[in-house]
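K.L.:
Fold the following, please.
(one chain, ligands or ions: 1)
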Amino acid sequence: MLLIDSDDKQHYSLKQIHNKIIEGDALEVLKKIPEKSVNMVFMDPPYFLQLPKKKLKRWNVKTDVEGVEDDWDKFSSFEEYDNFIKKILIELKRIMKENGTIWVISTYHSIFRIGKIMQDMGFWILNNVLWLKSNPMPNWLGVRFTNATETMIWATTGKDVKDYTFHKERAKEFGIGKVGANVWQIPLCTGKERLKDEEGKKIHSTQKPVELLRRIILTTTDEEDIILDPLAGLGTAGYVAKTLNRNFIMIEKEERYNKTALKRFENPLILKTKEKIKKEIE
Ligand SMILES: C[S@@+](CC[C@H](N)C(=O)[O-])C[C@H]1O[C@@H](n2cnc3c(N)ncnc32)[C@H](O)[C@@H]1O
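P.N.:
The predicted model follows:
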């Protein structure tokens, strides 16, 4: 399932990368993927959080707050960040089928920039879906509101695309209210679902909940579709896609994440029922 990208590889056929994790730099790997080949893209890019160097302490117990301190989240400026996002989106637009859709998730730190870049490139935004965290990390210093949401942009390749996939009944099932509005309440990835090393430390700082991907995939793809995740982390998108009889192509540059992602595929995923999730939220 793992494919290591090499410099002398010029192009991949779809067959070569079907249900594979490609270990390499997305900026290089994407250029080698054929055009108009995927039905849906899920992109969970670096947030560019710009955290202060000094560790933040929890006010009551004085323990360190674990933020996203990874090197992959660091950029020297907004300009550098924007360029990174733009380069990836240019390739994604080329690789997406004309009626394909793209989901991009981030926090307030970068989602507005990403939205502008997407609109400037001709992507047509269909929705912003809010992930409302039922167990958000508090604002420990008490100097601003607790950030309990992440925003997901859902878009087509252009304004005139009308024949994209959307399963209305699923949307009603997942969104708040009878009409299925664009707010999804889902807990952060914790407990058994959170992948940890032998010392009990989180393997990835931003592992996304399975339930989030389940909703995205069930509402906006069909069985046998191909889902591309260019910045795959622990491979949550591909893992859920496979469980729901879809196919995936994932790209991730860090070997340590890929090792864990591969292990996930050894254990069949048991998707939680609606009732179980409801219980967790309450
Ligand atoms: C926000 S995380 C994705 C988390 C993932 N959705 C999950 O559930 O585990 C972003 C990922 O992008 C990867 N990444 C950043 N820059 C990359 C690049 N140029 N090529 C490939 N992967 C990259 C990072 O290593 C990180 O794992």
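K.L.:
How about P138, nearest residue that isn't a chain neighbour?
P.N.:
Once its chain neighbours are removed from consideration, P138 has its nearest residue in T146; the separation is 5.2 Å (Cβ to Cβ, 6 or more residues apart in numbering). C-beta: built from backbone N, CA, C; applies to glycine.
K.L.:
Contacts only, for the one you found.
P.N.:
Listed by Cβ atoms under 8 Å, 6 or more residues apart in numbering, the contact partners of T146 are P136, M137, P138, N139.
K.L.:
Redo these as TSV? Include secondary structure, pLDDT and neighbour count.
P.N.:
Rendered in TSV, the data for those read as follows (DSSP: H, G, I helix; E, B strand; the rest coil; pLDDT from 0 to 100; neighbours: other Cβ atoms under 10 Å):
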residue	secondary structure	pLDDT	neighbour count
P136	coil	93	14
M137	coil	88	14
P138	coil	88	13
N139	coil	88	12
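K.L.:
Just the closest of the residues you listed to V161, please.
P.N.:
For V161, the closest of those turns out to be P136, at 34.2 Å, with distances computed as Cβ to Cβ.
K.L.:
pretty sure F123 contacts K93?
P.N.:
Yes: under the criterion of Cβ atoms under 8 Å, F123 lies in contact with K93, with a separation of 7.1 Å.
K.L.:
Overlap in contacts, these two.
P.N.:
When contacts are counted by Cβ under 8 Å, 6+ apart, F123 and K93 are jointly contacted by T157.
K.L.:
residues from this structure in reach of the ligand?
P.N.:
Residues of the chain lying close to the ligand (Cβ under 6 Å from any ligand atom) are 25-27, 44, 46, 72, 204, 206-208, 231, 233-234, 236, 251-254, 257.
K.L.:
dump the residue contacts of R214.
P.N.:
Contacts of R214 were listed using Cβ under 8 Å, 6+ apart, and they are V240, L244, L271.
K.L.:
can I get the CA coordinates of stretch 138-149 in PDB?
P.N.:
Listed in PDB are the C-alpha atoms of stretch 138-149, where the atom choice follows Å, rounded to 0.1, in the frame of the first residue of the first chain:
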ATOM      1  CA  PRO A 138     -10.400  25.800  26.500                       C
ATOM      2  CA  ASN A 139      -8.800  29.200  26.100                       C
ATOM      3  CA  TRP A 140      -6.500  28.600  29.100                       C
ATOM      4  CA  LEU A 141      -5.600  32.300  29.600                       C
ATOM      5  CA  GLY A 142      -9.200  33.400  29.500                       C
ATOM      6  CA  VAL A 143      -8.300  36.300  27.300                       C
ATOM      7  CA  ARG A 144     -10.600  35.400  24.400                       C
ATOM      8  CA  PHE A 145     -13.500  33.100  23.500                       C
ATOM      9  CA  THR A 146     -12.700  29.400  23.400                       C
ATOM     10  CA  ASN A 147     -12.300  28.300  19.800                       C
ATOM     11  CA  ALA A 148     -14.800  25.500  19.500                       C
ATOM     12  CA  THR A 149     -15.000  25.400  15.700                       C
END
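K.L.:
Could you give me the buried positions within that stretch?
P.N.:
Along stretch 138-149, these residues count as buried under the neighbour rule (16 or more other Cβ atoms under 10 Å): A148, T149.
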